[in-house]
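Undergrad: Kindly return the folded structure for what I paste below:
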Amino acid sequence: MIQVQAFLPELWLVSAAFLVIIADLFQKSTSSKTVVKGIAVLGVVGALLSLCCISGCGSCPISACCSAVAGNVPTAFGGFLKTDALSVFFKVIILLATLFTLLISFRFFKANPTPYLTEFIAVLLFSAAGASALTSAQEIITLYVALETLTISSYLLASFMKKDKASNEAGMKYLLLGAFSSALLLFGFSYLYGFTGTTVISEIGKVLATQVASPLLTLSVIMIVAGLAFKISLAPFHMWTPDVYEGAPTPVTAFLSVASKTAGFAAFVRLFWVGLSVPALQPTWIALFAVLAVISIILGNLEALPQRNIKRLMAYSSIAQAGYISTGFLAGGQLGLTAVLFYMFVYLFANMGVFLAITIVAAKTGSEQIEDYAGMWKRSPLIGIMLLVGLLSLAGVPPFAGFSGKWYLFGAAISKGYTWIALVGMIFSVVSLYYYLQVARQALISAPKDDSPIELSWVENAVLVICVLFIVTLGFWPTPIMQIAQTAATSLFN
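TA: Got it, this is the predicted structure:
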């Protein structure tokens with residue numbers, strides 16, 4: 001019997017996507033856009049609340065993780081989808097990122113009007129549904145279909161501003177390179193199936209545990225790493241990231257930086273710590289990930305230094321952040337995965353808050369150049385605070401949540417013997433201060449070119465305040481989220 005709870009969040013998202021299309025067909029007036037926006041927001045909020053039904057706890061979605069471990073974990077389609085505590089935690093991050101992206105898009109399209117707002121919202125919801133389903137995938141075909149639902153929708157979103165040359169270029173580059181990475185991933189999966197005779201990830205692990213390493217098996221693992229590394233912007237598979245982040249609409253950039261990256265790491269965790277964590281293969285992919293993590297940290301931070309476009313700077317920052325998160329992934333076990341989950345939760349609020357600030361400033365100034373952030377503190381104190389707090393958190397400066405997150409990531413890496421990777425991360429976290437503080441200096445110290453105030457809606461004020469509060473609170477008191485993340489990480493090994 002299919003347990004609908006296993007894919008209830010995806011049902012909410014897909015239903016909301018179809019409803020916004022239907023609502024737009026029957027209402028052509030300007031007010032219909034308000035209806036469309038309301039349906040989309042309610043759809044995402046409903047998806048978040050539906051996570052409570054997974055454990056029947058009746059409380060907030062994140063706390064559903066706690067009882068999902070001991071309770072009956074919902075499964076569907078012959079066990080191909082399983083919404084355990086780990087997937088619940090990933091879903092919360094993805095759904096919150098989708099909700100923030102919707103709110104950011106309303107400001108963006110107010111400054112950049114389009115007759116296709118409904119289509120944008122629908123594609124965004126389909127993309128979120130793919131990302132959410134990926135976190136529950138228990139076999140490689142389901143995982144691949146969910147991943148392609150996410151990425152194909154993302155190609156459309158990146159090139160959505162069809163009269164904008166930069167957006168078209170971003171979409172084309174993303175499509176071509178994404179298709180190549182998907183082919184690599186599928187090729188690796190085909191070899192993996194050929195060796196094991198099964199597509200179920202847990203069964204793959206059992207079969208491989210009895211085999212010895214072979215060149216073709218190693219090749220399949222390398223292909224899988226390359227295909228998925230593209231999705232999370234790990235160097236040297238990051239070549240699409242700066243151009244796509246700069247050219248795509250800012251809400252899309254925000255979505256890719258959090259939701260897409262979260263879904264990619266969810267796939268990595270399932271595949272490698274369940275299916276490929278066997279003596280014959282683990283040393284190979286551990287060494288490969290160690291190299292990719294270090295390259296991403298070094299290259300992302302160094303290439304961010306000369307940037308003058310803030311979205312391009314955030315692109316290279318995203319590459320470095322993928323390297324930091326990979327240090328916790330390398331450590332593995334309960335400690336490493338707990339650190340990964342906590343850091344991704346922290347990263348959600350820092351990144352989304354900064355991208356909302358970028359959208360608001362660009363809508364007012366028409367520019368994404370860092371120099372045009374001069375005096376932003378005087379024009380909007382809340383934006384100035386968000387930029388300072390968010391960027392310092394991304395840099396890992398105490399007492400903000402990013403410091404706690406990196407403390408756990410590097411601590412997990414050191415405990416498993418990856419001290420040299422942790423040292424590289426620490427050194428280049430200090431390097432990152434230079435380019436993050438360049439933005440903060442412009443916003444807080446430099447004289448404004450324009451003294452006119454920037455008006456914020458009550459929703460934008462609320463989102464910015466929430467992001468700041470989470471970043472500060474989790475810096476001083478990370479224990480509640482750490483405990484939930486630890487419970488979610490434990491479920492992977494049960």
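
Undergrad: right, and S277 touches I204 too?
TA: No: counting by Cβ atoms under 8 Å, S277 does not reach I204; the two are 10.5 Å apart. Just so you know, the C-beta spots here come from the backbone N, C-alpha and C atoms, and that holds for glycine as well.

Undergrad: More neighbours: these two, which one.
TA: Set S277 next to I204 and count neighbours by other Cβ atoms under 10 Å: I204 wins out with 24 against 17.

Undergrad: For the more buried one, what is the enclosing helix or strand?
TA: helix 201-208 (DSSP states H and E).

Undergrad: And that helix, how far out from the chain middle?
TA: In terms of Cα atoms, centre = their mean, to the nearest Å, the centre of helix 201-208 is found 27 Å from the chain centre.

Undergrad: Against G384, how distant is F109?
TA: Distance of F109 to G384, given as Cβ to Cβ, to the nearest Å: 25 Å.

Undergrad: cool, and A47?
TA: Going from A47 to G384 by Cβ to Cβ gives 33 Å.

Undergrad: quick one, which of these two is more surrounded?
TA: A47 (28 against 19).

Undergrad: my guess is the more buried one is in a helix, correct?
TA: Yes: the assignment for A47 by DSSP: H, G, I helix; E, B strand; the rest coil puts it in a helix.

Undergrad: quick one: it from Q138, how far?
TA: 20 Å.

Undergrad: repeat for L156
TA: 28 Å.

Undergrad: Same check on V431?
TA: 40 Å.

Undergrad: Between those two, which has more neighbouring residues?
TA: In this view V431 and Q138 are compared by other Cβ under 10 Å, and Q138 has more residues nearby, 24 against 16.

Undergrad: For the spatially closest residue to the more buried one that is not a sequence neighbour, give the beta-bridge partners.
TA: Distances taken as Cβ to Cβ, 6 or more residues apart in numbering put K82 closest to Q138, at 5.1 Å, once the chain neighbours are dropped. Listed beta-bridge partners, K82: T75 (assigned using DSSP bridges).

Undergrad: you'd agree K82 is up against Q5?
TA: No: in this structure K82 lies outside contact range of Q5 using Cβ under 8 Å: 10.8 Å.

Undergrad: Other residues contacting stretch 408-420?
TA: Here stretch 408-420 makes contact (Cβ atoms under 8 Å, 6 or more residues apart in numbering) with 290, 324-325, 327-328, 330-333, 335-336, 338-340, 342-343, 421-422, 425-426, 482.

Undergrad: Quick one, which of these are buried?
TA: 290, 324-325, 327-328, 330-332, 335-336, 338-340, 342-343, 421-422, 425, 482 (16 or more other Cβ atoms under 10 Å).

Undergrad: burial count for the nearest residue to L134 once chain neighbours are set aside?
TA: Excluding its sequence neighbours, the residue lying closest to L134 (Cβ to Cβ, 6+ apart) is A146, at 3.8 Å. A146: 24 surrounding residues under other Cβ under 10 Å.

Undergrad: which residues does A146 contact?
TA: A146 is in contact with 130-131, 133-134, 137, 263, counting by Cβ under 8 Å, 6+ apart.

Undergrad: between the residues you listed, which is nearest L356?
TA: A131 (19.8 Å; Cβ to Cβ).

Undergrad: What strand or helix carries the nearest residue to that closest one once chain neighbours are set aside?
TA: Nearest residue to A131, sequence neighbours excluded (Cβ to Cβ, 6+ apart): A263, at 3.9 Å. Here A263 sits within helix 261-270, counting by DSSP H and E.

Undergrad: and L184, that's in a helix?
TA: Yes: the assignment for L184 is a helix, going by three-state DSSP.

Undergrad: how many neighbours does the residue lying closest to it once chain neighbours are set aside have?
TA: Leaving aside its sequence neighbours, L184 sits nearest to G227 (Cβ to Cβ, 6+ apart; 4.3 Å). By the measure other Cβ under 10 Å, the count of residues near G227 is 24.

Undergrad: Does G227 lie in a helix or a strand, and which?
TA: Using DSSP H and E, G227 sits within helix 215-232.

Undergrad: helices or strands next to that helix in the packing?
TA: When contacts are defined as 3 or more Cβ pairs under 8 Å, 6 or more residues apart in numbering; DSSP states H and E, helix 215-232 packs onto helix 165-196, helix 261-270, helix 282-304.

Undergrad: Quick check: mean pLDDT of the following helix or strand past the last one?
TA: It refers to helix 282-304. Once the chain leaves helix 282-304, the next helix or strand it forms, by DSSP H and E, is helix 310-331. Throughout helix 310-331, pLDDT has a mean value of 94.

Undergrad: what's helix 310-331 packed up against?
TA: If contacts are counted by 3+ Cβ pairs under 8 Å, 6+ apart, helix 310-331 sits against helix 241-247, helix 250-255, helix 261-270, helix 282-304, helix 333-365, helix 401-415, helix 419-444.

Undergrad: If we ignore the residues flanking it in sequence, what's nearest N309?
TA: E368 (5.4 Å).

Undergrad: what do you get for F90?
TA: Nearest one to F90, counting by Cβ to Cβ, 6+ apart, is T135 at 4.0 Å.

Undergrad: Also N461?
TA: Sequence neighbours aside, L382 is the residue nearest to N461 in space, at 6.5 Å (criterion: Cβ to Cβ, 6+ apart).
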